[in-house]
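Novice: Sequence first, then the predicted structure:
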Amino acid sequence: MSFTAEVKDELSRVEAPVPVCELAELSALIRVCGTLSFRGSGRYSIRISTETGAVARTVIKLTHKIFDLETALTVRRSVLHKTRNYLIEIPEQERLAADLVRLGILVPGRGLATGVPSALLGSRPAREAFVRGAFMAGGFIAGPRGDFHLEIAVTGEDFARGLAELVGSFGVSARVNRRRGAYAIYLKSFDDVIGLMRAMGARRMARIVEVARAKKSVKNDVNRRVNAEMANQARSTGAAAAQLELIERAECVVGLAALPPALRAFCQARRAHPELSLAALGEELDPPASKSAMYHRVLRLQEIVEAAEREGSPTSAEEI
């Protein structure tokens, strides 16, 4: 089962606290994945197609519970994709037109509604139910291991923008993207996706995502630390090699015995410990020297060597 299907399965088991929430959820389900047919005055039928069993189960449950409408279910299997497709048909019935008005899908005297059914969405639980139904019908959520995001595909700009406003009422940020004539309500922020999951009722899956995120954060932190340590080690190794080369030059043009005691101690320690960083090398001296002091010794040694090389003859440190 995909991550999206797991989320939708949990959402299909959410119990509405009041009847208006069931109306709101069913309204969104039909609006997003249903097709309404019109055959004359008051004669309507609906076809709802979905690849998710939890969605089909919810549509049939709510249709029977709220309106006691006749429904027909056909399960088809795609040979090519090896997936099931559920087709729910609500044929012409005497009360169907009135029920569509109650769902906010039909507006008396005006035909099909274009936006969200505001009359049903006066309370937060009703708004949560409507968004839950819309997500179950046309939603997708990427697994937390990858590029985590959530989107809901719908048709109609007015409906898309109304749905985005409902999502925004939960304190999360959503944007509307147009895609090949359709629209998608899109959430990218991890906190926004988690907030919407909780608002819709997918609290168990939200906890799973948070645990996965925490593990991913720890793993990324470890990787960053390891990479930083390796980079530091590489820099230290390169610096130590350059210092050993400088010591060789000092021995050739000056002679280590001619160096001041502090510089001579540095040269001896570096040759004895080529693997240590400059800070660690300073701790090996007696008395210990700070990283800054060690760095200045390197600079002083470099000045002595370069001056001696410019003169072209051995030069003692005391003459520099």
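Specialist: Arrived safely.
Novice: Strands of the stretch 51-200 of the chain, residue ranges please.
Specialist: 72-77, 84-90, 106-107, 111-112, 139-141, 150-154, 175-179, 182-187 (DSSP state E, counting those that start in this stretch).
Novice: Of all these, which one is nearest A250?
Specialist: strand 182-187 (63.2 Å; CB to CB). Where C-beta positions appear, they are placed from N, C-alpha and C, glycine not excepted.
Novice: Now do that closest one: distance to the chain's middle.
Specialist: Mean-position distance between strand 182-187 and its chain equals 16 Å (CA atoms, centre = their mean, to the nearest Å).
Novice: Ok, stretch 183-199 next?
Specialist: Using CA atoms, centre = their mean, the distance from the centre of stretch 183-199 to the centre of the chain it belongs to is 10 Å.
Novice: Flag every buried residue along it.
Specialist: Neighbour counts over stretch 183-199 (16 or more other CB atoms under 10 Å) mark 183-187, 192-199 as buried.
Novice: same thing with stretch 4-11?
Specialist: Neighbour-count burial for stretch 4-11 flags 4, 6-11 (criterion: 16+ other CB under 10 Å).
Novice: How about stretch 21-32?
Specialist: For stretch 21-32, by 16+ other CB under 10 Å, it's 21-32.
Novice: can you redo those as TSV with pLDDT and distance to T237?
Specialist: Below are the buried residues of stretch 21-32 laid out as TSV (pLDDT from 0 to 100; distance: CB to CB, whole Å):
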residue	pLDDT	distance to T237
C21	95	65
E22	94	68
L23	94	70
A24	95	65
E25	96	63
L26	95	67
S27	95	67
A28	95	62
L29	95	63
I30	94	67
R31	93	64
V32	93	60
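Novice: Between the strands of the stretch 51-200 of the chain, which one is closest to G122.
Specialist: Nearest of these (CB to CB): strand 106-107, 17.3 Å.
Novice: Who are the packing partners of the closest one?
Specialist: Applying 3 or more CB pairs under 8 Å, 6 or more residues apart in numbering; DSSP states H and E, one finds that strand 106-107 makes contact with helix 96-102.
Novice: Just give me how far the helix it packs on sits from the chain centre.
Specialist: 40 Å.
Novice: Report the buried residues of it.
Specialist: Quick answer for helix 96-102 (16+ other CB under 10 Å): 96-97, 99-100, 102.
Novice: Give me the contact list for it.
Specialist: Residues outside helix 96-102 that contact it (CB atoms under 8 Å, 6 or more residues apart in numbering): 23, 36, 42-46, 66-67, 69, 90, 106-108.
Novice: Can you name the two of those residues that sit furthest apart?
Specialist: Pairwise distances across these (CB to CB) peak at 22.5 Å, for the pair L23 and R43.
Novice: Which secondary structure element is home to L281?
Specialist: Secondary-structure assignment from DSSP states H and E places L281 in helix 278-283.
Novice: Please point out which parts of that helix sit buried.
Specialist: Buried residues in helix 278-283, counted by 16+ other CB under 10 Å: 278, 281-282.
Novice: Quick one: mean pLDDT over that helix.
Specialist: For helix 278-283, the mean pLDDT works out to 87.
Novice: which other helices and strands contact that helix?
Specialist: helix 261-272, helix 291-311.
Novice: Go through these and name the closest to A214.
Specialist: helix 291-311 (35.5 Å).
Novice: From the contact counts, what lies against the closest one?
Specialist: helix 203-253, helix 261-272, helix 278-283.
Novice: Sort out which residues of it are buried, please.
Specialist: Buried, per 16+ other CB under 10 Å, within helix 291-311: 294, 297-298, 300-301, 304-305, 308.
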